[in-house]
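Trainee: the following comprises the amino acid sequence and a computationally predicted model.
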Amino acid sequence: MEKKWWEDPNAKFLIIPESLTGLILSSIFLTINMLDMVSFTYIWAFKMFSLRRGLLIFSAWETFCDISMVIQIILTFITAKEKSHTSKKRNETFLKWEINMKVIAIDYLKFYFLLDFLGCVPTLITGNKNQCTFFFKFFRIALIPRLFYSKQIIEEAVHRKFSGNLTTTLNVY
């Protein structure tokens, strides 16, 4: 029997990307990450490394983006992961959410965690004052596919909201 995601006790502390909380967080972090990509490109393109100490706005913004990235890393461990499920009766594929926190954590630790960690922690530790650690921000390029994924989830949820079909099902294994 299929349950709604909010009826499952295992999903009590998880953030479901299609829920209101998930959509709000995705929108906030999507905006911050996109602006961070633009500012990083600007600083890198115009070689402002030597001027960065005098530019308090850029330094504060970079620190804010690094802290935001650490928060995203923590939230990723408690955010349900998309998985597709094929119905044997109808022979169609539809979206399901992985709510097993162990599976979510292992999947994240396999690849993206290291890239996310290297993309924010070295610059946070040095306070954005070391030019060598600035290049660790190149690891944030791995965020680009996830930014498009977040954008897609937000667009689909808004579309369902305005078309009147805002129910999400969760298959519990």
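Mentor: Thanks, I have it. Given the structure is predicted, the values throughout are model-derived calculations rather than measurements. Numbering: from 1, shown residues only.
Trainee: show me the shaky parts of the chain.
Mentor: Along the chain, segments meeting pLDDT under 70 span 1-11, 47-57, 84-95, 164-173.
Trainee: try it again with 80
Mentor: Applying pLDDT under 80 to the chain flags residues 1-13, 43-59, 82-97, 127-134, 160-173.
Trainee: so what touches stretch 23-30?
Mentor: 15, 17, 68, 72, 75, 147, 150-151, 153-154, 157 (Cβ atoms under 8 Å, 6 or more residues apart in numbering). C-beta: built from backbone N, CA, C; applies to glycine.
Trainee: dump these to JSON lines, plus neighbour count.
Mentor: Converted to JSON lines, these look like this (neighbours: other Cβ atoms under 10 Å):
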{"residue": "15", "neighbour count": "17"}
{"residue": "17", "neighbour count": "22"}
{"residue": "68", "neighbour count": "16"}
{"residue": "72", "neighbour count": "19"}
{"residue": "75", "neighbour count": "13"}
{"residue": "147", "neighbour count": "15"}
{"residue": "150", "neighbour count": "21"}
{"residue": "151", "neighbour count": "14"}
{"residue": "153", "neighbour count": "19"}
{"residue": "154", "neighbour count": "18"}
{"residue": "157", "neighbour count": "19"}
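Trainee: among the residues you listed, which lie within strands?
Mentor: Using DSSP state E, no member of the contacts of stretch 23-30 sits in strands.
Trainee: which ones among those residues are found in helices?
Mentor: 68, 72, 75, 147, 150-151, 153-154, 157 (DSSP state H).
Trainee: save those residues as JSON lines, and put in distance to residue 120 too.
Mentor: Supplementary listing: the ones in helices among the contacts of stretch 23-30 in JSON lines, determined by distance: Cβ to Cβ, whole Å:
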{"residue": "68", "distance to residue 120": "8"}
{"residue": "72", "distance to residue 120": "9"}
{"residue": "75", "distance to residue 120": "13"}
{"residue": "147", "distance to residue 120": "15"}
{"residue": "150", "distance to residue 120": "17"}
{"residue": "151", "distance to residue 120": "21"}
{"residue": "153", "distance to residue 120": "23"}
{"residue": "154", "distance to residue 120": "23"}
{"residue": "157", "distance to residue 120": "27"}
